[in-house]
Every structure is written in structure tokens, then in C-alpha cells.
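Participant: Have a look; sequence and predicted model below, questions after that.
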Amino acid sequence: MDKKELINCGKVKSVYTTSNDDEVIIEFRDDITAGDGERKEVMSKKGSYNAVISSKIFKVLEDEGVETQFIDLPETNVMLAKKLEMIPIEVIVRNIATGSLVRKYPISEGTKLNPPIVQMDFKDDEYHDPMLNDSLIKALGIASQEEIDILTSKALKINEILTEFFADAGIILVDFKVEFGKDSEGNILLGDEISPDGCRLWDSETLEMLDKELFRKGKDSEVMDAYVEVYNRIIPDDEKVI
Ligand code: 5GP
């Protein structure tokens, strides 16, 4: 692929310009981080597993009418994508209470959340991704009320589609984080990635964790087996490329 200039080097992905001004190349690296990037390791092929899983999920969402930035996966760890101006909000949807929700609020681990909770955090490691509300988002000039409503309804639609998609693979979608951006015409599209890095995924029968929470808990040796398990369950044999 003709990578031109590196325009963003994030914690686990690098974004490059291409010869087409409306497209970017996103390289998924093998890095894994926790604690706002304070802990970092390298795990062989992790970038490829996340890129292939993310591409599959973006294609499933596109088929269901959710526009994403995905164009193609020319290499196992390289995604060709529509260029977006990213909105610095982490939109989190929760179906089961765990993680920071049970640490910060009086709600028991494992409580089913129906309707799901939609939470928006400010994407900024320096400020430790603080939680936002509508008036903060508007006061900070991050998004308008109309845009906040679009983000909320898109995140809930993604939750509906992916809850069923993962259930078919014997996986509970506990919670997840998504990010959105605007294309050159101002349309809001799903961007970034949806992978075990930004989702909590539990085996439907054993409730064992199949996501980055293992790394957050220091169970580093179990991380790649979990990611490969998710890959094996959601990627059909004729689409397997790793
Ligand atoms: P919590 O707020 O409970 O730590 O996370 C809620 C959900 O959002 C989890 O699925 C978690 O993976 C995801 N999430 C929240 N913040 C981040 C982040 O900064 N990076 C990633 N990769 N995922 C996040």
C-alpha cells in the first residue's frame, strides 16, 4: 500500500495519508496498553487479529445500514479507510455492570442493564478520559445536541446488531467503546476499531473473559489465546487470513 505521511501515531495504531486525500491507511501494531498507556507490551500478531476482527465487524455493521470508515483490508494488519475528522468522544455502551461502573457507582457487578447505559467519555489521556454530559460536550465545543443524539442512536443500533452477532458465536457483549468521526461532507461515520481491545466479551457458558481485561488484570499470557478464540468464533473458515 502506498503509505505517504504518518499523521497520527496512537497507542496501538498508526494512521498514514495516501495518494487519495479522502482515504487513510490505518496500521494496527502489535502493541497492547493499559492504564492510559502507562503499561505497554508487544504481542505477536495482535495487530492482525484486531484488524481482521474489526474489519469483519465493520462489514457486518455496514450490511445492517451502519456507515463505517472501512474500505478494505489489503494486508492482515493494514486497513484502508475513509479519512475522518475524529470526534474526541469515547461512546461506551453497557449491557452488564462491571469495570469502572461498579468501581464508581453503587451498582453490583453483573447487574443486567436494560435499557443499556450509554456513556460518553472525553478522549484525552492527559485528563484520564473523564465522563462527559450533554452540557459539557456543548460547552467544550466538541459536538452539538443534534450530533450527540446521532452518536447515541448509532451506538445503540451498533449494540443491538453486535449483541446478536456475538451471541451467535457463543459470546456475551458485556460492554464496548466506539469512536466516530466526520467525513469530508460532514456525515458522522463509525471509525477507529471494534475489537477485543475495546469490548468486554464473555464466553456465554463459562463467562470466561475473551478480551483486553485479561491484560488489565495482569494475565498477559492468556491475552492472545482469548483474541484468537474470538477470531476463530466470528471469522468463517473461508474468510480466515491469519
Ligand atoms: P470501563 O469504563 O468499564 O473501564 O470500560 C467500559 C468499556 O469501554 C470496556 O469495554 C472498555 O474496553 C472500553 N473502553 C473504555 N475506555 C477505553 C479506552 O480508553 N480504550 C479502549 N481500548 N477501550 C476503552
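Facilitator: Nice, thanks for sending it over.

Participant: which sections of the protein are below the confidence cut-off?
Facilitator: 1 (pLDDT under 70).

Participant: residues from it in reach of the ligand?
Facilitator: Within the chain, the positions near the ligand by CB under 6 Å from any ligand atom are 90, 92, 99-101, 129, 175-177, 197-200. C-betas here are computed from N, CA, C, even on glycine.

Participant: show me what contacts the residue in the chain positioned nearest to the ligand?
Facilitator: Closest residue of the chain to the ligand, CB to the nearest ligand atom: Gly99 (2.3 Å). Shown in contact with Gly99 (CB atoms under 8 Å, 6 or more residues apart in numbering): 175, 200, 213.

Participant: Over to Ile7?
Facilitator: 15-17, 24.

Participant: how about a cut-off of 10 Å?
Facilitator: By CB atoms under 10 Å, 6 or more residues apart in numbering, the contact set of Ile7 is 14-17, 24-25, 83.

Participant: Give the helix, strand or coil label for it.
Facilitator: Counting by DSSP: H, G, I helix; E, B strand; the rest coil, the backbone at Ile7 sits in strand.

Participant: got the residue ranges for the strands in this structure?
Facilitator: 6-9, 13-17, 23-28, 31-34, 39-42, 70-75, 78-82, 85-86, 89-96, 112-122, 171-182, 188-191, 199-203 (DSSP state E).

Participant: What is the burial count for Leu214?
Facilitator: 20 (other CB atoms under 10 Å).

Participant: my read: it touches Glu229, true?
Facilitator: No - with contact defined as CB atoms under 10 Å, Leu214 does not reach Glu229; the gap is 11.2 Å.

Participant: hang on, the earlier thing: including neighbour count, could the contacts of Ile7 go into a markdown table?
Facilitator: As requested, these are exported to a markdown table (neighbours: other CB atoms under 10 Å):
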| residue | neighbour count |
| --- | --- |
| Ser14 | 18 |
| Val15 | 20 |
| Tyr16 | 19 |
| Thr17 | 16 |
| Val24 | 23 |
| Ile25 | 22 |
| Lys83 | 19 |
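
Participant: Looking at these, which is nearest Lys138?
Facilitator: Nearest to Lys138 among the contacts of Ile7: Lys83, at 25.7 Å, using CB to CB.

Participant: Spatially nearest residue to that closest one (excluding sequence neighbours)?
Facilitator: In this structure, Lys83 finds its nearest non-sequential neighbour in Val24, 4.8 Å apart by CB to CB, 6 or more residues apart in numbering.

Participant: same thing with Lys46?
Facilitator: Nearest one to Lys46, counting by CB to CB, 6+ apart, is Asp30 at 4.8 Å.

Participant: Quick one: residues contacting that neighbour.
Facilitator: By CB under 10 Å, 6+ apart, Asp30 lies in contact with 12, 41-50, 77, 224.

Participant: Can you give me the distance of the residue of the chain closest to the ligand to Gly110?
Facilitator: Separation of Gly99 from Gly110 (CB to CB, to the nearest Å): 11 Å.

Participant: what touches both of the two?
Facilitator: Shared contacts of Gly99 and Gly110, counting by CB under 10 Å, 6+ apart, come down to Val174.

Participant: Grab the longest helix from the protein for me.
Facilitator: When the chain is parsed with DSSP state H, its longest helix is helix 145-167.
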